[in-house]
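Enquirer: Got a predicted structure plus its sequence, pasted below:
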Amino acid sequence: MLEAKELTKKYEDGVIALDHLNLKVESGEIFCMFGANGAGKTTAINLFLNFIPPTEGTVFIEGIDMIKEPLKAKDFVSFVSENVTLYGNFSAFQNINYFSKLAGKRNLTRDDYSNVMKRVGLQEEAFNMRTKNFSKGMRQKLGIAIAIIKDAPNIILDEPTSGLDPKSGQEFLVLLSELRDLGKSIFMSTHDIFRAKFVADRVGFMQKGKLVMLKSKEELAGEDLNQLYIEYMHEHANS
C-alpha cells in the first residue's frame, strides 16, 4: 500500500509543485496519474521515493513513514523511471544481477534472470549484450525486469511505456494486470491515456500541483477518458 498524506512541495521561489496531495493506492490496485508536463506528477513520485524532502506532509509505504524511516520503507517499493539508469558496460545479465543483489536478492540464479527478462519481452540475444547498445525500449524492458525481480509489494512507474512499440506496450499492460492479481499496488504516471484506460482501476488528473479529479473504473464506465481529461485541464487552467 502506498499513501500520501497532505504531501506538499513548495520551493524557495514560492512555486508550489505539489499541493497537499492525499492519495492511497491499495494492494491489488493500478492507479494511473495523468497531467501535462509540470503538473506535479514527477514531483509526487520524487516525494514518494524520498528523492526530495517534502515541505509538508508525509508518505507511507506499507505503513512505514518514508520520511522517518526511508531505508526501511524503500525495501517495500520498486521504481522504473522514464529514462532507466543502467551500467552501459555491463550486459543485461550483469545489470540485473547487480541491482538484484543491491536489493538484497542474493539467492537468484541465471535462470531466474532469464525468465524475468523473457517475461518482459526482452529478446534472448540481448541478454549478453552491453546495455550501452540498447534501444530505449530495450532499456525500459530491462528496467521493468529489475523492478519485478525485486518482488516488492509496491511498484512506482514513471512513463513506463515510453519507447515501447505497440506490441511491447500491449504486453506490458498484460504484465501489469498479472502483477496486480498478485496483490501488488501499482502507481503509474503516464501520458498514455489510450493504453492506461484499459488497465487502470482508478485514474487521477493533476493540474498545477493539485489532484483535480479522482475516479474509479466503474465511475468512468462509458466516459471518453481523453475528452474528460481535456475538459478538466481546461476547467482548471485558470483556477
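Expert: Yes, it's here.

Enquirer: So Q140 sits against E159, correct?
Expert: No. Counting by Cβ atoms under 8 Å, Q140 sits too far from E159 to count as a contact (9.1 Å). No exception for glycine: its C-beta is placed from N, CA and C like everyone else's.

Enquirer: quick one, which of these two is more surrounded?
Expert: Between Q140 and E159, counted using other Cβ atoms under 10 Å, the more crowded position is Q140 (29 against 18).

Enquirer: centroid residue for the chain?
Expert: In the chain, the centroid-proximal residue (Cα atoms, centre = their mean) is L157; its distance is 1.2 Å.

Enquirer: Residue ranges of each domain in the protein, please.
Expert: Domains of the chain are assigned by automatic domain parsing as 1-76+153-161+182-239, 84-151.

Enquirer: what residues are up against the residue nearest to K68 when sequence neighbours are not counted?
Expert: Take K68 and drop its neighbours on the chain: the residue closest to it by Cβ to Cβ, 6 or more residues apart in numbering is T58, 7.8 Å away. Residues in contact with T58 (Cβ atoms under 8 Å, 6 or more residues apart in numbering) are A4, K5, E6, L7, D65, M66, I67, K68.

Enquirer: Helix, strand, or coil at T58?
Expert: strand (DSSP: H, G, I helix; E, B strand; the rest coil).

Enquirer: quick one: pLDDT of it?
Expert: We have a pLDDT of 97 for T58.

Enquirer: K5 versus that one, what's the distance?
Expert: Using Cβ to Cβ, to the nearest Å, one gets 6 Å for the distance from T58 to K5.

Enquirer: Kindly report the same for P160.
Expert: Relative to K5, and taking Cβ to Cβ, P160 is found at 25 Å.

Enquirer: Compare neighbour counts for these two and give me the winner.
Expert: Neighbours were counted for P160 and for K5 using other Cβ under 10 Å; P160 has more, 28 against 16.

Enquirer: Is the residue nearest to the more buried one when sequence neighbours are not counted bridged to anything, and to what?
Expert: Nearest in space to P160, with sequence neighbours left out and distances taken as Cβ to Cβ, 6+ apart, is V80 at 5.4 Å. Per DSSP bridges, the residues bridged to V80 are L157.

Enquirer: Contact partners for V80?
Expert: Contacts for V80 (Cβ under 8 Å, 6+ apart) come out as Q140, G143, I144, I146, A147, I155, I156, L157, D158, P160.

Enquirer: again, only using 10 Å
Expert: 140-148, 155-160, 188 (Cβ atoms under 10 Å, 6 or more residues apart in numbering).

Enquirer: Can you tell me which of the residues you listed end up in helices?
Expert: Q140, K141, L142, G143, I144, A145, I146, A147, I148 (DSSP state H).

Enquirer: Just give me the closest of those residues to A103.
Expert: I146 (8.4 Å; Cβ to Cβ).

Enquirer: so where does the closest residue in space to that closest one that isn't next to it in sequence fall, helix or strand?
Expert: Nearest non-adjacent residue to I146, counting by Cβ to Cβ, 6+ apart: F99, 4.7 Å away. Counting by DSSP states H and E, the element that carries F99 is helix 92-102.

Enquirer: Could you double-check that F99 lies in contact with L86?
Expert: Yes. If you go by Cβ atoms under 10 Å, F99 and L86 touch, sitting 8.6 Å apart.

Enquirer: What is the lowest-mean-pLDDT helix or strand in the chain packed up against?
Expert: Lowest by mean pLDDT, DSSP states H and E among the helices and strands of the chain is helix 193-196, with a mean of 81. For helix 193-196, the elements it packs on are strand 29-34, helix 166-181, helix 225-235, judged by 3 or more Cβ pairs under 10 Å, 6 or more residues apart in numbering; DSSP states H and E.
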